[in-house]
Every structure is written in structure tokens, then in C-alpha cells.
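[1] give me the fold of what follows.
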Amino acid sequence: MSNECGDMDDGAHWGVTALLARAATADARAEDRLHVAVADFFLDDTARLDDRTRIALAATLGDLIQAVERALRHHAARLLVARDAATLATAMEGDDASAFQRLAAAGMLRDPELMRELLGRVRQDLLTDALAGESPEDPDQPSLLPRLTAAPDTVIAGSAAALLTAESRRRIPAAPGQPAATDLPAELHHRVIWWVAAALRDGFVDVVDDSHVVLDRALVDAALRSIAAHDEGDRLEATALRLASALDPQAQELAVLLVEALADRRLSLFIALLARALGLEYADAREIVLDTDGERLWLVLRALELDRAAIARIGLALCDADPARNVDRFADGIDDIVAIAPATARHALAPLLLHRDYRAALVALGRGTRR
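    Down below sits the predicted model:
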């Protein structure tokens with residue numbers, strides 16, 4: 001009687017071996033899926049991403065990694081051609097976008113700092129798009145940002161024009177062959193560039209002899225080029241902060257500018273004005289504005305001495321744009337909001353104005369001592 005396994009040709013034997021290997025890991029994968037499903041089931045609804053945010057976040061993260069990969073591939077391939085490695089250059093120019101899958105499988109894209117930044121960006125963009133906007137009271141007058149680009153103060157005009165440019169660049173991908181404009185803070189930009197370079201190198205595991213030296217050098221040089229081309233000052237958030245600083249609004253002017261910024265659907269400027277007035281980082285002010293509960297934002301507005309009319313216009317604009325915000329709750333609570341004295345609000349906000357890393361360290365220490 002013949003041995004069934006022995007009668008197999010090499011191709012069939014390889015197929016059976018692969019099937020057995022996949023089956024051996026199926027139990028572990030099923031257990032992993034169960035743990036994920038259980039965690040998802042018990043996740044508080046307030047912490048769960050809505051479908052619109054989840055889809056937008058997936059698209060933003062995927063587009064960012066793909067743009068970096070495309071730019072690194074293109075420049076590394078040019079370097080390889082120049083260094084007499086045409087075969088490697090051809091493989092590098094391939095359309096097989098694999099960096100995202102490799103980084104995701106390694107768990108590297110779960111980086112909290114990267115996800116905090118991208119989630120904040122996505123939620124800000126979604127809220128900006130949903131703002132209804134209002135026409136200026138004078139129909140012959142341009143809306144806020146276009147009006148500021150024509151300001152007689154050249155610092156204000158230049159800063160407003162830079163913000164318009166930054167907004168456009170955020171929405172338009174980099175041209176082929178150009179370094180990818182991630183619009184990330186410098187440290188995160190560097191991190192992502194090196195991640196993608198490593199993921200590309202991981203796709204050339206079969207490279208032998210001295211070719212790996214040429215390949216590594218090309219990827220490193222391409223990465224350094226993208227890092228050198230990145231100017232953190234060109235980021236949308238940085239340009240918004242520069243405009244807020246150039247405007248330098250006094251107490252009475254701040255309320256008008258905040259209301260106008262929302263009416264002009266310039267949420268980035270609204271956030272930057274709050275950040276500058278409070279001495280906060282942009283990301284911290286953005287977190288306050290995007291919080292659908294709103295309690296911290298109302299405290300901020302009272303700390304800055306905004307009156308009932310301004311708070312009402314801001315609250316209604318945000319509630320109209322975001323279905324997760326309860327407009328009835330806001331309307332019912334506005335008397336309590338206005339009743340808070342500015343000094344009381346500033347005292348309550350004092351812990352929030354501390355450095356983010358210091359606050360995070362205090363939270364971590366508190367969790368550790370409670371165990």
C-alpha cells in the first residue's frame with residue numbers, strides 16, 4: 001500500500017504543509033478575535049468611535065502611510081539607478097504598497113501619540129465641514145479669513161494667507177516625486193518616515209551579497225531627504241497659531257473673533273485663538289473644543305470673560321454641527337454657565353493649564369498608587 005504523503009509531488013506537499021501551518025494558528029486567531037469582540041462589546045458608547053470618524057480615520061492613516069511610502073520608493077529608486085543597482089530600482093518602483101500592512105501587523109501604528117494627533121485632526125476636519133457658517137452682516141464685506149488677507153497690517157495679512165495655503169495643502173496630496181507632506185509634528189513625522197523606510201526594507205528580505213548595503217543606504221538617504229524637507233512651521237496648526245498671535249486680540253475683541261471664526265468655518269483659527277489666550281498647546285485646546293460634553297469649553301469661555309450672547313452663538317454653532325452634542329442640554333444649562341465668575345473658572349482650569357507631560361505623569365502615578 002502506497003504512502004499517501006510519499007506519493008505527493010513537491011507542489012502538493014508544499015500546499016499541505018502550508019494548510020497545516022495555517023490550521024495550527026487558527027485556534028490562536030480565534031481566541032484573539034474573541035478577546036477583541038468582548039472588549040468591543042463592553043466598550044462604553046461614549047468612548048466608541050462613530051462610523052463616520054472611524055472611516056475618516058482609516059482613510060487619513062492609510063493615505064498618510066501610502067504617501068510617505070510612495071515618496072520614499074520614488075526617491076530611493078532614483079538613487080539606486082544612479083548607484084548602478086537597476087534591478088533593485090525596478091523592484092523599488094513597484095506598485096505593491098505594502099508598508100501599511102507591515103506596520104499594522106507589527107503593531108507600530110497603534111502608537112498613542114500618532115493616533116491622538118490623527119484622531120484630533122480627523123475630528124477637527126469633520127466638525128469644520130459640518131459647521132453651517134454664516135454670511136457677514138454686511139453683504140459687501142468678505143468673511144473673516146479672506147478679509148484678514150487684505151488687512152493693512154502685513155503681519156496679519158501674511159499670516160492669514162499662510163493659513164489659507166495650509167488649509168489647501170492639508171486637503172491636497174503631494175505631487176508625485178515630492179517629499180510627502182504629512183503635516184505632522186516634527187517628532188512624529190520623523191518617526192513615521194523611519195517606520196516606512198524600515199517596512200520597505202523588510203520587503204527585500206531576499207537581498208543577498210553586498211546589495212543590501214546599497215539598498216539600506218538608498219532608503220536612509222531617501223528618508224533623510226523627507227525629514228529635511230519637513231518644516232513644522234508650515235503645519236496648519238502652526239499657521240493658525242501665528243495668525244492668532246498676529247491678531248493679538250484684547251478681551252473685547254476676542255469674543256467677536258471667536259464668533260466670526262466659527263461663522264467663517266475656520267475651526268483651526270477658533271482653536272488657535274483659545275490656545276493663545278490660555279497659554280495652551282494647540283492640541284490641548286483642540287481636545288477641549290472637540291469634547292462633545294462641552295463642560296471644559298464653557299469654563300474656558302467664562303475664564304476669558306465671554307458674555308451670554310457670545311457663548312450662546314458658539315454653543316449653538318457647535319451643537320448644530322455635531323449631532324453628538326445635546327442642544328437642549330446646552331440651552332437648559334446656559335444660565336449656570338454664565339453664572340460662573342471668570343475668576344472661579346480660571347481657578348477650576350488651573351490644572352488643565354499645566355504641561356501635558358506633567359499632567360500625564362500625575363495621572364500615571366495616581367493609577368500606580370491605587371493598585
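
[2] quick check, pLDDT for residue 1.
    Note on residue 1: pLDDT of 45.

[3] got the phi and psi for the residue lying closest to residue 132 once chain neighbours are set aside?
    Once flanking residues are discounted, residue 132 sits nearest to residue 320: 5.6 Å by CB to CB, 6 or more residues apart in numbering. All C-beta spots, glycine's among them, are computed from the backbone N, C-alpha and C. With angles defined as degrees, to the nearest 10, residue 320 sits at phi -60, psi -30.

[4] now residue 326
    phi -90, psi 100.

[5] just to check, it is in contact with residue 318?
    No - with contact defined as CB atoms under 8 Å, residue 326 does not reach residue 318; the gap is 11.1 Å.

[6] ok, residue 304 - contacts?
    When contacts are counted by CB atoms under 8 Å, 6 or more residues apart in numbering, residue 304 touches 251, 254, 255, 274, 277, 278, 342.

[7] any idea which helix or strand carries the third one?
    Right, the one you point to is residue 255. According to DSSP states H and E, residue 255 maps onto helix 251-263.

[8] related to what we said a few turns ago, what's the neighbour count on the residue nearest to residue 132?
    13 (other CB atoms under 10 Å).

[9] what's the distance between it and residue 274?
    Using CB to CB, to the nearest Å, residue 320 is found at 19 Å from residue 274.

[10] now residue 189
    25 Å.

[11] low-confidence ranges in the stretch 151-300 of the chain?
    173-179, 207-208 (pLDDT under 70).

[12] tell me, what's the model's pLDDT at the residue nearest in space to the middle of the chain?
    With distances taken as CA atoms, centre = their mean, the chain has residue 118 as the residue nearest its mean C-alpha position (1.7 Å). pLDDT recorded at residue 118 is 96.

[13] check residue 323 too.
    Per the predicted model, pLDDT is 90 at residue 323.

[14] what's the local residue count around it?
    With other CB under 10 Å as criterion, residue 323 counts 12.

[15] can you classify it by secondary structure?
    What DSSP: H, G, I helix; E, B strand; the rest coil gives for residue 323 is coil.

[16] so which elements touch the helix or strand hosting residue 155?
    Residue 155 belongs to helix 154-171 when elements are defined using DSSP H and E. When contacts are defined as 3 or more CB pairs under 8 Å, 6 or more residues apart in numbering; DSSP states H and E, helix 154-171 sits against helix 144-149, helix 236-247, helix 267-278.

[17] send the alpha carbons of it over as CSV?
    Only the C-alpha atoms of helix 154-171 are listed here, as CSV (Å, rounded to 0.1, in the frame of the first residue of the first chain):
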residue,chain,number,x,y,z
THR,A,154,1.3,93.0,6.7
VAL,A,155,2.0,90.5,9.5
ILE,A,156,-1.8,89.8,9.9
ALA,A,157,-2.3,89.7,6.1
GLY,A,158,0.7,87.3,5.6
SER,A,159,-0.4,85.0,8.4
ALA,A,160,-3.9,84.8,7.1
ALA,A,161,-2.7,84.0,3.6
ALA,A,162,-0.4,81.3,5.1
LEU,A,163,-3.4,79.8,6.9
LEU,A,164,-5.4,79.6,3.6
THR,A,165,-2.4,77.9,2.0
ALA,A,166,-2.1,75.4,4.8
GLU,A,167,-5.7,74.6,4.7
SER,A,168,-5.5,73.8,1.0
ARG,A,169,-2.3,71.8,1.4
ARG,A,170,-3.9,69.7,4.1
ARG,A,171,-6.6,68.7,1.6
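
[18] that one to helix 236-247, inter-axis angle?
    160 degrees (axes from the mean of the first three to the mean of the last three CA atoms, to 10 degrees).

[19] which stretch of helix or strand covers the residue nearest to residue 111 when sequence neighbours are not counted?
    The shortest distance from residue 111 to any non-neighbouring residue, by CB to CB, 6+ apart, is to residue 191 (7.3 Å). Secondary structure assignment for residue 191, by DSSP H and E: helix 186-202.

[20] report the buried residues of that helix.
    Neighbour counts over helix 186-202 (16 or more other CB atoms under 10 Å) mark 188-201 as buried.

[21] from those, which is closest to residue 359?
    Among the buried residues of helix 186-202, residue 188 lies closest to residue 359 (CB to CB), at 19.5 Å.

[22] now that closest one: how far from residue 53?
    Here residue 188 is placed at a distance of 20 Å from residue 53 (CB to CB).

[23] state the number of residues packed around the nearest residue to residue 81 once chain neighbours are set aside.
    Nearest non-adjacent residue to residue 81, counting by CB to CB, 6+ apart: residue 89, 4.6 Å away. Number of residues near residue 89 (other CB under 10 Å) recorded here: 20.
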